[in-house]
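Colleague: Dropping the sequence and predicted coords here.
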Protein chains: 2
Amino acid sequence: MQTHFKIFIKSSIPHFFVTDSELDNIIESFEEMELEKGEYFLKQGKISGSLVLLEGHLRCYTFNENGDEVTTAFYSAPRLIFDVASFFQQKPSVENIIALTKVKGYYMNYKTVDKLFHDYAFFREFGRAMLAKEYILFKDRTMRLINLTAEERYAHLMQTNPELFQIAQLRHIASYLNITDTSLSRIRRDFGSK
Amino acid sequence: MQTHFKIFIKSSIPHFFVTDSELDNIIESFEEMELEKGEYFLKQGKISGSLVLLEGHLRCYTFNENGDEVTTAFYSAPRLIFDVASFFQQKPSVENIIALTKVKGYYMNYKTVDKLFHDYAFFREFGRAMLAKEYILFKDRTMRLINLTAEERYAHLMQTNPELFQIAQLRHIASYLNITDTSLSRIRRDFGSK
DNA sequence: GAAACCAATTGTCATAAGACAAGTGGTGAT
DNA sequence: ATCACCACTTGTCTTATGACAATTGGTTTC
């Protein structure tokens, strides 16, 4: 797992030279984390830490004003997981992040991250790259929400993340696509015949 | 204007102590920027810099696959303006940012920002705070897009940013709210009578 | 001051997607 | 083995919003 961890960090900042011993120092500050399916990485009201996810899948959701669950993200390894608002502003989260499968990775709280940011330029760069990437992915998704029809959004998800349909419930995928489960069901029924 | 600049930075990182001389060093690296109404701060294909906007209003837009303009943001002073994807990844932007009024502020390119990030912890913190804030604002907007009806989105904008209706064209506001200008017109007609 | 232009409004009609309720099929508990 | 539960599907009907085209009203220009 350590190897994957190193590869993940290195490949996230390809323009930076990082020695293995520097990486070892970083890794020491992380703690290994495992979650079983159904366990929570983050519950609303708690302050988010950061998880370098190396194995497994999670789902992130909140509630809208009607009290309905809204799935805001699915996460698959390898990637960094953190609630931007909660982590960087050290405020209670409004998001819940739950394991869809068994999950493995490395965990670190804000204080430790911040200290490492101070000590290691490459880790700072890693953090910045992660935040920027997160922003860009989120923006892409929003643009699809604006510009694509429900069916096109479904088709896109099918293309980019087909495994998801094996792992997550359709109603969660539906709310992620911002459609009702009823609509998703119909879209799937009609999808082949085109 | 320098005073406003300093206040803006200080108030963005209230938990950091910054001396005025440090701020002066920073300001020297910026160059003053003014735009007339209709001038562009950023054109697609160019690489984004960063603008500490101290006076005026701008509009940000792209084109969707149909070639229709989509307004993705309105910016009002005081705030930091930059295209996250273009700025941090130093890639050509897909966004256009145009002045809606006369605009004043301080401009800096990525290279200079990066150098100052290296030299000043407080400036790093400023950058991080700005990026996190940007992310959070954008996420809020997307959540409204998901959870609110067209009319509710209009009402929200009316409440939070009524000046905008004096400054921007309705069709641009419409596309920002992700509705057609026709719909916006009808919503405005019916809005009082409730 | 007429012509040209453009933003905004309005009318008519079409349609994607939601609401709600009933039905299906699989799984787990006792 | 049966019941209960839950995810998912399907039917019917409603509705918010879009598409498209015509009209209005203001401003620019020659």
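Modeller: Received the coordinates, thanks.
Colleague: what's the neighbour count on A:Ile26?
Modeller: 23 (other C-beta atoms under 10 Å in any protein chain shown). Backbone N, C-alpha and C define where each C-beta goes, glycine included.
Colleague: Is stretch A:58-78 in proximity to DNA strand C?
Modeller: No. Using C-beta under 7 Å from any atom of the strand, we find that stretch A:58-78 stays clear of DNA strand C, coming within 8.2 Å at best.
Colleague: same thing with stretch A:134-144?
Modeller: No. With C-beta under 7 Å from any atom of the strand as the criterion, DNA strand C is not reached by stretch A:134-144; the gap is at least 11.8 Å.
Colleague: quick one, phi psi at the most centrally placed residue in chain A?
Modeller: Compute the mean C-alpha point of chain A, and by C-alpha atoms, centre = their mean the closest residue is A:Tyr75, 3.8 Å away. Main-chain torsions, A:Tyr75, degrees, to the nearest 10: phi -120, psi 130.
Colleague: Could you do A:Glu28 as well?
Modeller: With angles defined as degrees, to the nearest 10, A:Glu28 sits at phi -60, psi -30.
Colleague: what about the nearest residue to A:Ser50 once chain neighbours are set aside, distance to DNA strand D?
Modeller: Once flanking residues are discounted, A:Ser50 sits nearest to A:Phe82: 4.3 Å by C-beta to C-beta, 6 or more residues apart in numbering or on different chains. For A:Phe82, the distance to DNA strand D (C-beta to the nearest atom of the strand, to the nearest Å) stands at 27 Å.
Colleague: what's near enough to touch the closest residue in space to the residue nearest to the centre of chain A that isn't next to it in sequence?
Modeller: Nearest residue to A:Tyr75, sequence neighbours excluded (C-beta to C-beta, 6+ apart): A:Leu58, at 4.6 Å. By C-beta atoms under 8 Å, 6 or more residues apart in numbering or on different chains, the contact set of A:Leu58 is A:Phe41, A:Phe74, A:Tyr75, A:Ile81, A:Ile97, A:Ile98, A:Ala99, A:Leu100, A:Val103.
Colleague: just the buried members of the residues you listed?
Modeller: A:Phe41, A:Phe74, A:Tyr75, A:Ile81, A:Ile97, A:Ile98, A:Ala99, A:Leu100, A:Val103 (16 or more other C-beta atoms under 10 Å in any protein chain shown).
Colleague: just those residues now: which is nearest DNA strand C?
Modeller: Comparing the buried ones among the contacts of A:Leu58 against DNA strand C with C-beta to the nearest atom of the strand places A:Leu100 closest, at 16.7 Å.
Colleague: hang on, that closest one packs against A:Lys37?
Modeller: Yes. Using C-beta atoms under 8 Å, A:Leu100 makes contact with A:Lys37 at a distance of 6.6 Å.
Colleague: Return the residues of chain A in contact with DNA strand D.
Modeller: Neighbours of DNA strand D within chain A, by C-beta under 7 Å from any atom of the strand: A:Gln169, A:Leu170, A:Arg171, A:His172, A:Asp181, A:Thr182, A:Leu184, A:Ser185, A:Arg186, A:Arg188, A:Arg189.
Colleague: now with 6 Å?
Modeller: A:Gln169, A:Leu170, A:Arg171, A:Asp181, A:Thr182, A:Ser185, A:Arg186, A:Arg188, A:Arg189 (C-beta under 6 Å from any atom of the strand).
Colleague: Select only the buried ones of those residues in ChimeraX?
Modeller: A single ChimeraX command selects the buried members of those (16+ other C-beta under 10 Å):
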select /A:188
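Colleague: ok, so of the residues of chain A next to DNA strand D, who is nearest A:Ile7?
Modeller: A:Gln169 (31.6 Å; C-beta to C-beta).
Colleague: Check A:Phe191 and give its pLDDT.
Modeller: With respect to pLDDT, A:Phe191 scores 80.
Colleague: Test my guess that it contacts A:Glu151.
Modeller: Yes. With contact defined as C-beta under 8 Å, A:Phe191 counts as touching A:Glu151 (7.4 Å).
Colleague: just to revisit the earlier point, looking at the residues of chain A next to DNA strand D, which are in helices?
Modeller: A:Leu170, A:Arg171, A:Asp181, A:Thr182, A:Ser185, A:Arg186, A:Arg188, A:Arg189 (DSSP state H).
Colleague: tell me the two of these that are most distant?
Modeller: It's A:Arg171 and A:Arg189 that sit farthest apart of these, by C-beta to C-beta, at 15.5 Å.
Colleague: Fine, thanks again, bye for now.
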